[in-house]
Structure formats: C-alpha cells, structure tokens
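Engineer: Quick one, what's the 3D model for this:
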Amino acid sequence: MTSQAAAADSWIPDRFACIDRRDADGFAGFLSESGTFRFGNQAPFHLPKEEYEDPADEAAGDE
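Structural biologist: Okay, here's the model as predicted:
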C-alpha cells in the first residue's frame, strides 16, 4: 500500500474510534453540511449539527 493510499484510508479507524468513544460531535465532524448518514435500516440522519441531540444524553436524563 502506498503512503497516499494509507493516508486516504486513515479516516476509517478515526471514524470508528469516534463511534467507540460515543463521540457524537467528533463523528458529526466527518459529515458535510449537506450529507446524510444512515445506520442499518434506521431513518437517515441529516440534521444540522446544532440541532443534533445525543440519544445517550436523553437516556441518561430518564433515570
């Protein structure tokens, strides 16, 4: 693998690291303002970052 290809693939572990840390803001940083993200068969996520609410925060408030 060339260094250029390795650099192009570096976003993959960075993105999964954000997911593992449950870092919603970090993950949202990978999305463009006009992009959408779909996880499995869930509804697509396409809100502006300012309007995003972390479901983990909502669940913590229910306790």
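
Engineer: Low-confidence stretches in the chain?
Structural biologist: Counting by pLDDT under 70, the chain has low-confidence residues at 1-2, 4-8, 47-63.

Engineer: Tell me which residues of the helix ranked longest in it come out buried.
Structural biologist: The longest helix of the chain (DSSP state H) is helix 11-21. By neighbour count with 16 or more other CB atoms under 10 Å, helix 11-21 contains the buried residues C18. C-betas here are computed from N, CA, C, even on glycine.

Engineer: Which neighbouring elements make contact with the following helix or strand past it?
Structural biologist: The element immediately downstream of helix 11-21 (helix or strand, assigned by DSSP states H and E) is helix 24-28. The contact analysis (3 or more CB pairs under 8 Å, 6 or more residues apart in numbering; DSSP states H and E) places helix 24-28 against helix 11-21.

Engineer: which residues are contacting the longest helix of the chain?
Structural biologist: Applying CB atoms under 8 Å, 6 or more residues apart in numbering, the contact partners of helix 11-21 are D23, G26, F27, G29, F30.

Engineer: Go again with 6 Å.
Structural biologist: For helix 11-21, contacts defined as CB atoms under 6 Å, 6 or more residues apart in numbering pick out G26, F27, F30.

Engineer: Of those, just the buried ones, ChimeraX syntax please.
Structural biologist: The following ChimeraX line selects those of the contacts of helix 11-21 that are buried, judged by 16+ other CB under 10 Å:
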select :27
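
Engineer: now the contacts of helix 11-21 in CSV, with distance to F39?
Structural biologist: Output for the contacts of helix 11-21, formatted as CSV (distance: CB to CB, whole Å):
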residue, distance to F39
G26, 16
F27, 11
F30, 13
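
Engineer: Out of the contacts of helix 11-21, which is nearest to F45?
Structural biologist: F27 (9.8 Å; CB to CB).

Engineer: How about that closest one: what's its closest non-neighbour residue?
Structural biologist: Of all residues not flanking F27 in the chain, C18 sits nearest, at 4.2 Å (CB to CB, 6 or more residues apart in numbering).

Engineer: how much space between that neighbour and I12?
Structural biologist: 11 Å (CB to CB, to the nearest Å).

Engineer: do the same with F30
Structural biologist: For F30, the distance to I12 - CB to CB - is 10 Å.
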